[in-house]
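Asker: need coordinates for the below:
(chains A and B)
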Amino acid sequence: DAKTTQPTSMDCAEGRAANLPCNHSTISGNEYVYWYRQIHSQGPQYIIHGLKNNETNEMASLIITEDRKSSTLILPHATLRDTAVYYCIASPGGGYQKVTFGTGTKLQVIP
Amino acid sequence: NAGVTQTPKFQVLKTGQSMTLQCAQDMNHEYMSWYRQDPGMGLRLIHYSVGAGITDQGEVPNGYNVSRSTTEDFPLRLLSAAPSQTSVYFCASSSAGMNTEAFFGQGTRLTVV
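Answerer: Presented below is the predicted three-dimensional model:
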């Protein structure tokens, strides 16, 4: 599975869009970009994933560059409850057999 | 649906004791895995299973054993606990095939004294 690189931490004002970047320059053709988040010490929670096209669901949007070497997770209107660690991983999915979650990005939403 | 259930939520062991962390899922997922998370770090894969009767090692398997006798259950055994195994343990499951996401349990916080 491809290695991903994320900033250690970011701040975002409440109500503003939070844009979390991720680099995955060695991603292979069959690997999806997945985003998870971990609030406090709870179990990670799935947010969104995509292969080539941009994706949107009720939680977030995922923008993947055309060369697939990087992506951005967008939380359109951040709330205090979005304060969490956000993990970006590249994986074919279906098992995560050898996926290691890095340290992620600690997003702090500021009132 | 209960999803992925881990028991116990908290456990304190003495060095050298053994115990089993339980993980059960009710989604009929083929894949299950165990991770550990140390303070300020990401999740590291301990062991995983692609189906009943099939297990394999992850990144940090030493000191842990697993078995998968049923689709639903994937217990993690510590045969002789060491302080270095103090951590939070997460179990995850997902369905087979591409393009699927993982579901995580709420974790077991283990302290070895």
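
Asker: please count neighbours and contacts with C-alpha atoms only from this point.
Answerer: Will do.

Asker: helix or strand: which one has the residue nearest the centre of chain A?
Answerer: For chain A, the residue nearest the mean C-alpha position is A:Trp35 (3.5 Å; C-alpha atoms, centre = their mean). For A:Trp35, the element it lies in under DSSP states H and E is strand A:32-38.

Asker: so what does that strand touch, helix or strand wise?
Answerer: strand A:45-50, strand A:84-91 (3 or more C-alpha pairs under 8 Å, 6 or more residues apart in numbering or on different chains; DSSP states H and E).

Asker: got a list of what the residue nearest to B:Phe90 when sequence neighbours are not counted touches?
Answerer: In space, and not counting its chain neighbours, B:Phe90 is closest to B:Gly107: 4.6 Å by C-alpha to C-alpha, 6 or more residues apart in numbering or on different chains. Residues near B:Gly107 by C-alpha atoms under 8 Å, 6 or more residues apart in numbering or on different chains: A:Gln42, A:Gly43, B:Gln6, B:Lys9, B:Val88, B:Tyr89, B:Phe90, B:Cys91.

Asker: quick one: the fourth one from chain A, how far?
Answerer: What it means is B:Lys9. 11 Å (C-alpha to the nearest C-alpha, to the nearest Å).

Asker: again with B:Gly51
Answerer: Taking C-alpha to the nearest C-alpha, one finds B:Gly51 at 10 Å from chain A.

Asker: next up, the contacts around the nearest residue to that residue once chain neighbours are set aside.
Answerer: Spatial nearest neighbour of B:Gly51, chain neighbours left out: B:Glu30 (5.0 Å); criterion: C-alpha to C-alpha, 6+ apart. By C-alpha under 8 Å, 6+ apart, the contact set of B:Glu30 is A:Gly95, B:Ser49, B:Val50, B:Gly51, B:Ala52, B:Thr71, B:Ser93, B:Ser94, B:Ser95, B:Ala96.
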